[in-house]
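Colleague: Build me a model:
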Amino acid sequence: MKKNIFIAFACIVFITSCKKKDTTTDPIPTPVATEKIIEIKTTFGTMYMWLYKQTPQHRDNFLKLASSGFFDSTTFHRIIKDFVIQGGDPNSKDADQTNDGTGGPGYTVPAEFVDSIKHDYGAVGAARDNNPAKASNGSQFYIVTNKAGTHSLDKNYTVFGKIIGGVDFSYTISTQPKDVRDKPTTNIIMDVNVVEKTLDQLKTEFNFIP
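Modeller: Below is the predicted model:
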């Protein structure tokens, strides 16, 4: 009888210990959501750009080009104080400085005008030629350096992003020496990357909440 009682007790202890092991399984951590933003490195400082989801075609296009290294070694080929700085032309990589501002990836992006997105200080817009559909050049972009904004451009050029970090570097670039064509006398080269930030990082590092 004592032997049977001992065996039953041992089984109860074994079953109980198994149940305890099951309850101590570590929970699977929940993935932290991130947002893709653009990092623009220059000798004057690094700027960080938010791409608006309300302009999806421009956003997707810029992410594609930035991810492929398309913008690396291009320059800000046009600078105008209290107006804009412009870059993103692949022609600015070659030795012929007379063709800067005339190039692109070989396609345009349809205009995406959003009433609430305007040409405020630090806004990033898409350059274009004088076409009736106001379609954007596939790669050339500009950053508004007028602290009061350049709202004469609203609804004429697509704004697809904004500088959320280092915006004053764009103003510094706009004040550099230039020639009669508004081209800097010394090349201002950029290194463009796609980086990912959590919502907490966007708020902490840039005081920006999407």
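
Colleague: tell me the contacts of the residue most central in space within the chain?
Modeller: The residue lying closest to the centre of the chain (CA atoms, centre = their mean) is residue 38, at 2.6 Å. Counting by CB atoms under 8 Å, 6 or more residues apart in numbering, residue 38 touches 48-49, 51, 62-63, 66, 161, 192-195. All C-beta atoms are positioned from the backbone trio N, CA, C, and that covers glycine.

Colleague: Strands along this structure, start to end?
Modeller: 34-42, 45-51, 76-80, 84-87, 108-109, 123-126, 136-137, 141-144, 159-165, 191-198 (DSSP state E).

Colleague: could I get these as TSV with mean pLDDT and distance to residue 183?
Modeller: Shown next, in TSV, are these (pLDDT from 0 to 100; distance: least, CB to CB, whole Å):
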stretch	mean pLDDT	distance to residue 183
strand 34-42	98	16
strand 45-51	98	20
strand 76-80	98	6
strand 84-87	98	10
strand 108-109	98	23
strand 123-126	98	19
strand 136-137	98	17
strand 141-144	98	14
strand 159-165	98	22
strand 191-198	98	20
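
Colleague: For residue 179, which of these is the nearest?
Modeller: Evaluated over those, closeness to residue 179 peaks at strand 76-80, with 10.5 Å, by CB to CB.

Colleague: what's the angle between the closest one and strand 34-42?
Modeller: Strand 76-80 and strand 34-42 are oriented at 80 degrees to each other (axes from the mean of the first three to the mean of the last three CA atoms, to 10 degrees).

Colleague: Which strands border strand 76-80, and is each parallel or antiparallel?
Modeller: strand 84-87 (antiparallel) (DSSP bridges).

Colleague: neighbouring contacts of the partner strand?
Modeller: 71, 74-79, 101, 125, 127, 140-146, 150, 170, 173-174, 188, 190.

Colleague: make it 6 Å
Modeller: When contacts are defined by CB atoms under 6 Å, 6 or more residues apart in numbering, strand 84-87 is touched by residues 74-76, 78-79, 127, 142-145, 170, 173-174.

Colleague: Beta-bridge partners for the residue nearest to the centre of the chain, please?
Modeller: Those that pair with residue 38 in a beta bridge, by DSSP bridges, are residue 49, residue 194.

Colleague: I'd like to know how many residues surround residue 30.
Modeller: Neighbour count for residue 30, taken as other CB atoms under 10 Å: 6.

Colleague: sorry, back to before: arrange the contacts of residue 38 in TSV, one row each, with neighbour count and distance to residue 154 as further columns.
Modeller: Listed next are those as TSV, based on neighbours: other CB atoms under 10 Å; distance: CB to CB, whole Å:
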residue	neighbour count	distance to residue 154
48	20	23
49	23	19
51	23	19
62	28	20
63	15	24
66	23	25
161	24	15
192	23	26
193	15	29
194	16	28
195	13	29
